[in-house]
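Novice: Fold the following, please.
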Amino acid sequence: MPIYEYQAKDQSKCCVYCAKPFEWLHQTMTEPTLTVCPKCNAPLTRLLSVPSIGKSVTGLDHRAKNAGFHKLQRLGKGEYEKKY
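Specialist: Numbering: from 1, shown residues only. Model (predicted):
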């Protein structure tokens, strides 16, 4: 399920909840986007958010290595090389 982020369009006419960006987890992909704050009915705008995806050195590989896991790379049929 995706996570959508929203913020009030007008900072002077909003509550504490929507003054800063907030995540809305109770929405499926087929539902329309929120147009008003669920707490104060202030107009909202949906923010673009970056997904957390990646196989960079600082990502999953780094965390797995720190947790004590090993990574193997296949060299050939039945041959593997230990990366860490």
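Novice: Which residues outside stretch 73-81 are in contact with it?
Specialist: The contact list for stretch 73-81 (Cβ atoms under 8 Å, 6 or more residues apart in numbering) reads 72, 83. All C-beta spots, glycine's among them, are computed from the backbone N, C-alpha and C.
Novice: ok, and for that stretch, which residues are buried?
Specialist: Buried residues in stretch 73-81, counted by 16 or more other Cβ atoms under 10 Å: none are found.
Novice: Now it: average pLDDT?
Specialist: Across stretch 73-81, pLDDT averages out at 89.
Novice: ok, for residue 45, nearest residue in space, not its chain neighbours?
Specialist: Counting by Cβ to Cβ, 6 or more residues apart in numbering, the nearest residue to residue 45 once its immediate chain neighbours are dropped is residue 9, at 5.0 Å.
Novice: just checking, the one you found touches residue 42?
Specialist: Yes: assessed by Cβ atoms under 8 Å, residue 9 is found in contact with residue 42 at 7.5 Å.
Novice: Which one's more surrounded, the two?
Specialist: The neighbour count for residue 9 versus residue 42, taken as other Cβ atoms under 10 Å, is higher for residue 42 (19 against 14).
Novice: Just the helices from the protein, written as ranges.
Specialist: 16-19, 60-66 (DSSP state H).
Novice: starting at the chain centroid, how far to the worst-scoring helix or strand of the chain on mean pLDDT?
Specialist: Counting by mean pLDDT, DSSP states H and E, the chain has its least confident helix or strand at helix 60-66, which shows a mean of 80. Here helix 60-66 is found 19 Å from its chain centre; the criterion is Cα atoms, centre = their mean, to the nearest Å.
Novice: for stretch 25-38, same thing?
Specialist: Taking the mean of its C-alpha atoms, stretch 25-38 sits 16 Å from the chain's own mean (Cα atoms, centre = their mean).
Novice: Check which residues of it are buried.
Specialist: Within stretch 25-38, the residues that count as buried by 16+ other Cβ under 10 Å are 34, 37.
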